[in-house]
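In: I need the structure of the sequence given here:
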Amino acid sequence: MRKIFFGLSLAAILGLVSCIQDEPLNAECDIEQAVVVTDDAEAWLLNASEAVQDVPSADTTIVFYLREEFMDENYEGWDRLKDVAINFRLTPGATITPENGSAHDFTQGGVYYHVTSEDGAWQRNYHVMFIPVQPLTVTYDFENFRWESLERYCEWFEYSDQGNEINMWATANPGFAISKSSATPEEFPTIPWENESISGHSVKLETRDTGLFGVMMNMRIAAGNLFIGTFDVANALQDAMAATRFGLPFNKKPLRFEGYYKFKPGEKFQNRTGVIQEGWVDDPDLYAVLYENTDENGQSFTLQGDNVLTHPNIVALARVTDRVHDFDNWTHFDIPFEYYKEIDEERLKTYGYNLSVVFTSSIEGGAFCGAVGSTLLVDEVKVTCEDEDE
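Out: Model prediction:
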């Protein structure tokens, strides 16, 4: 009996080894995290948490922000960027060139890294840069936009006081491009709009049907949205709430949130399973939020779709609550920020807070509930801050 048991056990082990050997090699070639090798991050990086960057799977540009002193081209601190090492965490089995952890000169526009998957069939190029922090602008007229590379949808940006482009706005348009690949540019949830505006262009956000693919994924609608932050398109189908990452570093104390909007609800409000909710009427959402961008361990922290209005890191919020349904006239809003915590002036100076401004055509759109056809127009928005208040 013992011999029989041993024979069976050996066969099982050999079978397991065979399964392991037959398992296909990994086809992923992503940088998941980048860590600057330094023991004095606060002396030259924006703050200590800046030395560690978690990299969304859709991103191929990795930016480490430098202190404001680096805005001066002649600042002596630039010399330390001539010999910087970065450790990368890659998807399993992937390799990277130049060599992981090797030191390089980042003063000439950054360094390009090439990642190859374990199976050797896939590659991605990453551009890693160190740039001085660009203070976010606080007035938004939505005149600055460009087509993405395939010209399916638009992306919005702002200009800094130095004339540099700041890619501070994000939308879920990239996710809609996956769910409804046949959509024409004007059918996307968030588009520039000339027909109705205070001046120039406004931005039009409309809740759209995501088609058969959306039904299969139980994501039947896509609300139009526009927000300060980033959108991780590769994570959108697995975890839509985590795909929306709200906020970018900010160094001012916001006081008021104001602008103009028009809104009309769609005819039929549906829940996530597509069941029409009789008597329910859709609403838009417009708000601005300030929050601490590190956690209790000093690690970098970003608000996401499931906690953007509830997380204890939130310091202040200004939200339109009297939501007017009028598509014939522009409604003006001017909302004071409500503060839940005192501002830490030292944290403020080192960009220890993030600011996000958020617009959506369906207030429950993040949960894929809303009315197809709900439309929000937004224009001439401003966040008034303490040092600008008259």
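In: can you list contacts of the helix or strand residue 289 falls within?
Out: Using DSSP states H and E, residue 289 sits in strand 285-292. Contacts to strand 285-292, defined as C-beta atoms under 8 Å, 6 or more residues apart in numbering, come from residues 246-247, 250, 254, 257, 259, 261, 301, 303, 308-309, 311, 313-320, 323, 333, 337, 347, 352-360, 362-363, 376, 378, 383. Yep, even glycine has a C-beta here, placed from its N, CA and C like the rest.
In: partners of that strand in the sheet?
Out: If you go by DSSP bridges, strand 285-292 pairs up with strand 314-319 (antiparallel), strand 353-360 (antiparallel).
In: Look up how far residue 282 lies from residue 233.
Out: 25 Å (C-beta to C-beta, to the nearest Å).
In: Between those two, which is the more surrounded one?
Out: residue 282 (30 against 20; other C-beta atoms under 10 Å).
In: wait, what's in contact with the more buried one?
Out: 207, 265, 266, 269, 361, 362, 363, 370, 371, 374.
In: my guess is the fifth one contacts residue 372, does it?
Out: I take that to be residue 361. No - with contact defined as C-beta atoms under 8 Å, residue 361 does not reach residue 372; the gap is 10.1 Å.
In: could the contacts of residue 282 go into JSON lines alongside pLDDT?
Out: Listed next are these as JSON lines, based on pLDDT from 0 to 100:
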{"residue": "207", "pLDDT": "98"}
{"residue": "265", "pLDDT": "98"}
{"residue": "266", "pLDDT": "98"}
{"residue": "269", "pLDDT": "98"}
{"residue": "361", "pLDDT": "98"}
{"residue": "362", "pLDDT": "98"}
{"residue": "363", "pLDDT": "98"}
{"residue": "370", "pLDDT": "98"}
{"residue": "371", "pLDDT": "98"}
{"residue": "374", "pLDDT": "98"}
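In: Have a look at residue 361 and residue 372 and say which one is more surrounded.
Out: More crowded of residue 361 and residue 372, by other C-beta under 10 Å: residue 361, with 34 against 20.
In: Can you tell me the element the most centrally placed residue in the chain falls in?
Out: For the chain, the residue sitting closest to the mean C-alpha position, by C-alpha atoms, centre = their mean, is residue 230 at 1.5 Å. Following DSSP H and E, one finds residue 230 within strand 225-231.
In: Do me a favour and average the pLDDT over the very next helix or strand once past that strand.
Out: Sequence-wise, the next helix or strand downstream of strand 225-231 (DSSP H and E) is helix 240-243. What helix 240-243 shows for mean pLDDT is 83.
In: Repeat that for stretch 121-129.
Out: 94.
In: what about stretch 318-335, start to end distance?
Out: By C-alpha to C-alpha, to the nearest Å, the extent of stretch 318-335 from end to end equals 6 Å.
In: got it, and stretch 318-331?
Out: OK, stretch 318-331 end separation, C-alpha to C-alpha: 16 Å.
In: Throw the strands paired with strand 285-292 into CSV and include mean pLDDT and distance to residue 110, thanks.
Out: Listed next are the strands paired with strand 285-292 as CSV, based on pLDDT from 0 to 100; distance: least, C-beta to C-beta, whole Å:
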stretch, mean pLDDT, distance to residue 110
strand 314-319, 98, 32
strand 353-360, 97, 23
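In: can I get those strands in JSON lines with distance to residue 121 and mean neighbour count?
Out: Below are these laid out as JSON lines (distance: least, C-beta to C-beta, whole Å; neighbours: other C-beta atoms under 10 Å):
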{"stretch": "strand 314-319", "distance to residue 121": "44", "mean neighbour count": "20"}
{"stretch": "strand 353-360", "distance to residue 121": "38", "mean neighbour count": "25"}
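In: quick one: buried residues of the strand holding residue 230?
Out: Using 16 or more other C-beta atoms under 10 Å as the test for burial, strand 225-231 gives 225, 226, 227, 228, 229, 230, 231.
In: Surely the second one and residue 359 touch.
Out: Yes - in this structure, residue 226 sits in contact with residue 359. The criterion is C-beta under 8 Å, and the distance is 4.9 Å.
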